[in-house]
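Enquirer: just coords:
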């Protein structure tokens with residue numbers, strides 16, 4: 001078969017995907033490849049422990065939109081460069097509703113029930129399994145539709161059937177989670193400029209605010225792995241000489257890949273003045289004895305739930321007096337925020353508690369040009385020059401979880417048992433900020449922990465990772481004495 005014939009086949013059969021450097025496939029080779037294959041080995045499929053929970057989640061979602069059909073794709077692989085793609089990670093909503101993590105999968109949930117359209121095992125009589133770069137000889141075996149159904153406790157159908165199913169939908173009674181799959185977006189038009197689809201996205205965010213027991217187990221697992229990763233970094237970080245921020249980044253990344261899926265977000269390994277850049281992701285700086293390393297990192301576990309923890313560490317193992325002064329102020333602010341967490345508390349009250357401590361300290365140090373009480377007025381906020389961000393966010397399948405939820409259920413919402421959130425105040429004194437004494441400039445401190453709202457208060461899931469200045473120094477000394485650790 002010529003290259004032209006091969007390209008023509010790829011155009012007529014969407015399952016055949018090739019690259020410019022792929023060799024032509026002669027017809028005799030194709031015929032040979034189609035023959036003499038044993039039946040695939042039977043997979044022992046066990047029903048996922050998540051299946052009962054996902055069924056409840058789908059029922060809750062359907063209850064928000066009775067009589068309508070909801071279309072929720074997992075998404076497609078994104079190109080990194082030329083024909084290389086980023087590692088695929090499904091959209092969090094379809095993961096929450098199914099615990100299927102395959103690319104191109106689409107959940108269609110309507111009045112008659114739900115079905116997951118997913119790529120299934122290809123027949124050896126087709127050419128797709130050996131000629132497509134998404135075929136099984138290229139990327140590994142797939143499950144059959146029956147095996148997927150047994151594992152997920154959800155009717156599963158070959159993805160080949162999806163175009164027909166979408167074509168039969170009534171757009172006026174259908175909502176689509178858009179921007180995940182261009183083919184799905186094109187197949188089901190939005191009759192109202194996306195208003196109804198936006199309501200679906202918001203509903204998913206709001207339903208995910210309260211975690212069920214299975215989700216809390218996943219978050220505990222992610223937090224525990226993250227704590228191990230922080231210990232790995234400290235063990236590898238030299239106390240007496242310069243090293244790269246990327247050493248910290250890479251060591252934590254090894255733990256994330258070993259104990260989970262990957263990192264839950266780009267690790268922030270910000271040394272020295274880089275800690276004053278809130279989202280310092282380049283990680284190409286130098287860790288120097290006498291300076292601080294702000295490490296903001298989280299392991300995403302195999303079910304895609306992520307932790308999000310920050311510690312600010314003295315590279316030498318000891319805080320200087322001014323570093324300790326800033327650190328202990330941030331810690332006092334965090335403890336004030338955690339102390340108010342309980343069901344019935346307004347989410348913004350956590351931030352107000354943190355900022356009351358921060359503003360008070362800044363006024364005491366003579367940095368605020370107005371009294372602390374005046375700065376805390378929402379119409380003033382001068383203390384925010386040195387703290388910048390909110391004091392936390394929801395946590396779950398995404399590091400900034402439930403982002404599509406409406407403000408009245410999130411920013412202005414009331415806490416409920418089962419919600420998981422971070423508390424992360426910080427102080428950042430930019431190296432060129434002339435409003436602060438020279439000894440403060442270039443110091444950035446953030447302390448962040450992951451907190452579960454319980455029926456009568458709060459549980460700090462990451463409590464076993466030291467937080468006080470004295471405990472951090474003692475922990476770093478003990479970890480370093482134990483020596484470098486390879487995950488295993």
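Expert: Arrived safely, thanks for sending. Predicted model, so just to flag it, every value in this text is computed and none were measured. Numbers count the residues shown, from 1 in each chain.

Enquirer: residue ranges of the strands in the stretch 51-200 of the chain, please?
Expert: Secondary structure of the stretch 51-200 of the chain (DSSP state E, counting those that start in this stretch): strands located at 69-73, 79-81, 84-85, 106-110, 113-118, 156-158, 174-176.

Enquirer: strands paired with the last one, and their directions?
Expert: Which is strand 174-176. Here strand 174-176 has these sheet partners by DSSP bridges: strand 69-73 (parallel).

Enquirer: same check, this time on the third one
Expert: Strand pairing for strand 84-85, determined by DSSP bridges: strand 79-81 (antiparallel).

Enquirer: I figured residue 317 hits residue 473, correct?
Expert: Yes: with contact defined as C-beta atoms under 8 Å, residue 317 reaches residue 473; the gap is 6.2 Å. Heads up, the C-betas are built off the backbone N, CA and C, glycines and all.

Enquirer: Not counting sequence-adjacent ones, nearest residue to residue 291?
Expert: Nearest residue to residue 291, sequence neighbours excluded (C-beta to C-beta, 6 or more residues apart in numbering): residue 272, at 4.3 Å.

Enquirer: same question, residue 390
Expert: Closest residue in space to residue 390, ignoring its immediate chain neighbours: residue 351 at 5.6 Å, by C-beta to C-beta, 6+ apart.

Enquirer: if we look at the strand or helix carrying that neighbour, which residues are touching it?
Expert: Element membership for residue 351, per DSSP states H and E: helix 348-364. When contacts are defined by C-beta atoms under 8 Å, 6 or more residues apart in numbering, helix 348-364 is touched by residues 329-330, 332-334, 336-341, 368, 371-372, 375-376, 383, 386-387, 390-392, 411-412, 421, 423, 425, 427.

Enquirer: Name the spans of the stretch 101-250 of the chain whose pLDDT lies under the cut-off.
Expert: Applying pLDDT under 70 to the stretch 101-250 of the chain picks out no residues at all.

Enquirer: so who does residue 429 touch?
Expert: Counted by C-beta under 8 Å, 6+ apart, residue 429 has contacts 276, 326, 386, 436, 440-444.

Enquirer: same thing with residue 174?
Expert: Residue 174 neighbours (C-beta under 8 Å, 6+ apart): 68-71, 188.

Enquirer: let's go with 10 Å and repeat that
Expert: Residues near residue 174 by C-beta atoms under 10 Å, 6 or more residues apart in numbering: 65, 68-71, 108, 110, 166, 188-191, 196-197, 200.

Enquirer: Narrow the residues you listed to those that are buried.
Expert: By neighbour count, with 16 or more other C-beta atoms under 10 Å, these hold 65, 68-71, 108, 110, 166, 188, 190, 196-197, 200 as buried.

Enquirer: and of those residues, the nearest to residue 125?
Expert: The shortest approach to residue 125 among the buried ones among the contacts of residue 174 belongs to residue 166, at 26.6 Å (C-beta to C-beta).

Enquirer: The host helix or strand of residue 312: how far from the chain's middle?
Expert: Residue 312 belongs to strand 309-314 when assigned by DSSP H and E. With C-alpha atoms, centre = their mean, to the nearest Å as the basis, strand 309-314 stands 20 Å off its chain's centre.

Enquirer: Same question for stretch 463-477.
Expert: What separates the centre of stretch 463-477 from the centre of its chain is 26 Å, taken as C-alpha atoms, centre = their mean.

Enquirer: now swap in stretch 342-356 and tell me
Expert: Relative to its chain's centre, stretch 342-356 lies at 24 Å (C-alpha atoms, centre = their mean).

Enquirer: quick one: buried residues of that stretch?
Expert: Neighbour-count burial for stretch 342-356, counted by 16+ other C-beta under 10 Å, picks out 343, 345, 347, 350-351, 353-356.

Enquirer: Just give me the closest of the residues you listed to residue 480.
Expert: If you rank these by distance to residue 480 using C-beta to C-beta, residue 354 comes first, at 31.1 Å.

Enquirer: gap between that closest one and residue 410?
Expert: Note on residue 354: its distance to residue 410, by C-beta to C-beta, to the nearest Å, is 17 Å.

Enquirer: Kindly report the same for residue 305.
Expert: Relative to residue 410, residue 305 is positioned 19 Å away (C-beta to C-beta).

Enquirer: which of those two has more neighbours?
Expert: Using other C-beta atoms under 10 Å, the more surrounded residue of residue 305 and residue 410 is residue 305, with 32 against 20.

Enquirer: What's the local residue count around the residue nearest to that one when sequence neighbours are not counted?
Expert: Sequence neighbours aside, residue 218 is the residue nearest to residue 305 in space, at 3.9 Å (criterion: C-beta to C-beta, 6+ apart). Around residue 218 there are 20 other residues, counting by other C-beta under 10 Å.

Enquirer: how about residue 218, what does it touch?
Expert: Residue 218 sits next to 50, 211, 300-306, 396-397 when contact means C-beta under 10 Å, 6+ apart.
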